[in-house]
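[1] kindly generate the corresponding structure for this input.
(one chain, ligands or ions: 1)
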Amino acid sequence: MSEMRRVTAIKNGTVVDHIPSGNALMVIRMLRIDVSRSTPVSLVMNVPSDKVGRKDVLKIEDRELSQEELDRLALIAPAASIAIIRNHAVAEKLVVDLPSDLINIASCSFSNCITKNDREPLPQRLRVISQDPLEVRCYYCGKGQEISELIDNIL
Ligand SMILES: [Zn+2]
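    A predicted model of the protein is given here:
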């Protein structure tokens, strides 16, 4: 509880806790939160944590993240724990679940991949080979995807 109090309490919204230290800005990007236009977002970085050493915590007001949005975070914050806050109380707790196939989450980085053929559109499908260390390959062409590429190619 004391850890959570470091961030101003919110009335309604989503708290994403246990983000690996330094990854919070990537989380904001992956969730496609436009910080210039969105509801208030508060961010605390480098908080000591028993679970992950040091962590970042993100609070997004007046927005409840869906499981689908959360699963994107598995790439950069697999141990994140999420609380949906309604009327100052935790209404739901959610965890991030890294799927074995990332369908239409990010596109393949290989420019000649079959998925780049506009005439016969295929869903983007990236396969998670290993979680730690993260290894992700395109289902179609087999190209390994760097984490930076995945983030650049988020759909
Ligand atoms: Zn590919």
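
[2] which residue packs closest to the residue nearest the centre of the chain, ignoring adjacent ones?
    Central residue of the chain (Cα atoms, centre = their mean): L73, 1.9 Å from the mean position. Nearest residue to L73, sequence neighbours excluded (Cβ to Cβ, 6 or more residues apart in numbering): V96, at 5.1 Å. All C-beta spots, glycine's among them, are computed from the backbone N, C-alpha and C.

[3] next one: E149
    Nearest to E149 is S109, by Cβ to Cβ, 6+ apart, at 4.1 Å.

[4] check contacts around that neighbour.
    S109 makes contact with K143, Q145, E146, E149, L150, D152, N153, according to Cβ atoms under 8 Å, 6 or more residues apart in numbering.

[5] in three-state terms, label it for me.
    Following DSSP: H, G, I helix; E, B strand; the rest coil, the label given to S109 is coil.

[6] buried residues, stretch 46-64. List them.
    Using 16 or more other Cβ atoms under 10 Å as the test for burial, stretch 46-64 gives V47, S49, V52, K55, D56, V57, L58, K59, I60, E61, R63, E64.

[7] same thing with stretch 116-132?
    Q124, R125, L126, R127, V128.

[8] what of stretch 88-108?
    For stretch 88-108, by 16+ other Cβ under 10 Å, it's L94, V96, L102, I105, A106, S107, C108.

[9] quick check: which element contains the residue lying farthest from the centre of the chain?
    If you look at how far each residue of the chain sits from its centre, by Cα atoms, centre = their mean, the farthest one is R119, at 30.9 Å. Using DSSP states H and E, R119 sits within no helix or strand.

[10] in helices, which of the buried residues of stretch 116-132 fall?
    Nothing among the buried residues of stretch 116-132 maps onto helices, per DSSP state H.

[11] quick check: the residue nearest to the centre of the chain is in a helix.
    Yes - under three-state DSSP, L73 sits within a helix.
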